[in-house]
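Trainee: have a look at this prediction, sequence included:
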Amino acid sequence: ISFIDFIKDFINPKTKIGPAAKTIEDEDIDINAIRQEIYFKELALHTAISYIANAISKCEIKTYVKGKEVKEEDYFTLNFSPNINENSSQFWHKVIQKMFYSDKGEALVIESKGKLYCADSYCVDEFPMLGNRYTNITIGTLNLEKSYRANEVYLFKLENVKVKRLIDGLYQNYAELLSYAIKFYKKSNVTKYKLKLNEVEAGDEEFNEVFEEIIQEQLKNFIESENAVYPEYEGYNLEDISPKSNSKDTSDIINIKKDIFETVAQAVKIPQSLILGNITNMKEVMTAFVTNAIDPYAKMIERELSRKQGYERWKQGDYVRVDTSKINHIDILEVADKVDKLISSGVMCV
């Protein structure tokens, strides 16, 4: 497989999205531009995933037994130490990342001896009525021989498993745009010189050899060095013919990068101002972020954790809740007036 084919497969898997899916022909591909596009896309995805994972890891997972909140072993496992190698923050970051980067848009978590482990890879045999079976599960370098049924694992899944594949397909066009922007920027800001020679030297074969071996190297060092002196001989005239009025800045490249970040933000329901770092109305942005981007994942996690306990235990009041109120930073002095109103109205007392 050629390097160009490898890059194309990396950007967009062989699975096409719809009959109108476009591909970039080999001759249209600028490898440097594609590298830039991959960096921008991965940076945008990494930023979005980090926001979601950081928010989820800040949530408190409350455990209830017979309708009453308790802080026992399950609470410690979910909020502090899921397993011996990871704390809860590392564990939930891995779960969120697996959901986004997995082709299936899901993360498989197994329980062993009261500890939770997020699988790095696995195979699934689908049984719609009996429950799926999971085999060849690997966790780090450990390959588990045991197979697990659906009721023995936790499966955290994206609402739209095609979200990353759609982003990958869309960025094929961005790779082409980025290629044009980078080429135009380089052409507009290139440094070029013209070396004038007399006719006799220009047509002399011996001179041509000397030019290729010595003078051309001197020119190269002169152009590429920050501080350099070029010896100009009689009959030689070095003239700067670089474009002056058409010099171009990097605004086109920056705008494409911004479009990539905004597209990722829209796909994962994160406010665009948050992912770009241009936040002016923090309260409204965080409210939209928690409501649209975090609450669905929090609900999915608490329902998956609760349903595996079974109907009878749920009926008795055994379940979990993911408390997203801890995501927003609250300064007690900023809400002092609201606390005063609660006390004065009699809803709460000192």
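Mentor: Looks like it came in fine. Remember, predicted model here, so these are calculated numbers, not experimental data.
Trainee: what about E126, distance to D295?
Mentor: 30 Å (C-beta to C-beta, to the nearest Å). Just so you know, the C-beta spots here come from the backbone N, C-alpha and C atoms, and that holds for glycine as well.
Trainee: more neighbours, these two?
Mentor: Under the neighbour definition other C-beta atoms under 10 Å, E126 and D295 were set side by side, and D295 has more, 14 against 9.
Trainee: so for that one, what's the pLDDT?
Mentor: D295 is assigned a pLDDT of 93 by the prediction.
Trainee: need the contact list for it.
Mentor: T324 (C-beta atoms under 8 Å, 6 or more residues apart in numbering).
Trainee: my reading is that Y154 is in a helix; is that accurate?
Mentor: No. Using DSSP: H, G, I helix; E, B strand; the rest coil, the assignment for Y154 is strand, not a helix.
Trainee: over to the nearest residue to it once chain neighbours are set aside. Which of the three states is it?
Mentor: The shortest distance from Y154 to any non-neighbouring residue, by C-beta to C-beta, 6 or more residues apart in numbering, is to V109 (4.1 Å). Following three-state DSSP, V109 is assigned to strand.
Trainee: for the residue nearest to L158 when sequence neighbours are not counted, phi and psi?
Mentor: Leaving aside its chain neighbours, L158 sits nearest to G105 (3.9 Å; criterion: C-beta to C-beta, 6+ apart). When read as degrees, to the nearest 10, the backbone of G105 gives phi 70, psi 40.
Trainee: if I look at G105, how far off is V268?
Mentor: 12 Å.
Trainee: and what of E60?
Mentor: 23 Å.
Trainee: the two: who's more crowded?
Mentor: Legend: neighbour count by other C-beta under 10 Å for E60 and V268, higher for V268 (21 against 13).
Trainee: let me see the contact set for the more buried one.
Mentor: Contacts of V268 (C-beta under 8 Å, 6+ apart): A48, I49, I52, F100, V163, A293.
Trainee: how close does the second one get to N278?
Mentor: Relative to N278, I49 is positioned 20 Å away (C-beta to C-beta).
Trainee: who has more neighbours, the two?
Mentor: Using other C-beta under 10 Å as the criterion, I49 and N278 rank with I49 on top: 19 against 9.
Trainee: so that one, which state does it fall into?
Mentor: helix.
Trainee: over to D103?
Mentor: coil.
Trainee: identify the bridge partners of the residue nearest to Y154.
Mentor: Counting by DSSP bridges, V109 is bridged to C118, Y154.
Trainee: A119 versus that one, what's the distance?
Mentor: In terms of C-beta to C-beta, V109 sits 7 Å off from A119.
Trainee: how many other residues sit next to M348?
Mentor: M348, neighbours per other C-beta under 10 Å, totals 10.
Trainee: how much space separates it from K157?
Mentor: 40 Å.
Trainee: show me the shaky parts of the stretch 201-350 of the chain.
Mentor: Within the stretch 201-350 of the chain, the stretches with pLDDT under 70 are 201-204, 207-208, 210-216, 223-253, 331.
Trainee: quick one, strands of it?
Mentor: Using DSSP state E, counting those that start in this stretch, the strands of the stretch 201-350 of the chain run over 237-240, 319-323.
Trainee: helices along the protein, start to end?
Mentor: For the chain, the helices defined by DSSP state H occupy 3-11, 31-58, 73-79, 88-101, 163-188, 199-202, 205-210, 216-224, 251-268, 272-276, 282-289, 295-307, 311-315, 336-344.
Trainee: how big is the angle separating the longest one from helix 88-101?
Mentor: For helix 31-58 against helix 88-101, the angle between stretch directions is 140 degrees (axes from the mean of the first three to the mean of the last three C-alpha atoms, to 10 degrees).
Trainee: what's the mean pLDDT across helix 31-58?
Mentor: 76.
Trainee: make 29 the first number, not 1, from now on.
Mentor: Sounds good: first residue 29 from here, last item helix 59-86.
Trainee: so which elements touch that helix?
Mentor: helix 31-39, helix 116-129, helix 191-216, helix 279-296, helix 300-304, helix 323-335 (3 or more C-beta pairs under 8 Å, 6 or more residues apart in numbering; DSSP states H and E).
Trainee: contacting residues for G345?
Mentor: Contacts for G345 were tallied using C-beta under 8 Å, 6+ apart; they are Y92, V93, K94, G95, K96.
Trainee: switch to 7 Å and redo it
Mentor: By C-beta atoms under 7 Å, 6 or more residues apart in numbering, the residues touching G345 are Y92, V93, K94, G95.
Trainee: ok, now how distant is it from E139?
Mentor: 21 Å.
Trainee: equivalent analysis for E114, please.
Mentor: Going from E114 to E139 by C-beta to C-beta gives 14 Å.
Trainee: do M310 as well
Mentor: From M310 to E139 the distance is 38 Å (C-beta to C-beta).
Trainee: also Q125?
Mentor: 20 Å.
Trainee: could you do Y92 as well?
Mentor: 19 Å.
Trainee: equivalent analysis for E332, please.
Mentor: E332 sits 12 Å away from E139, going by C-beta to C-beta.
Trainee: before we move on, what about F119?
Mentor: Distance from F119 to E139, by C-beta to C-beta: 12 Å.
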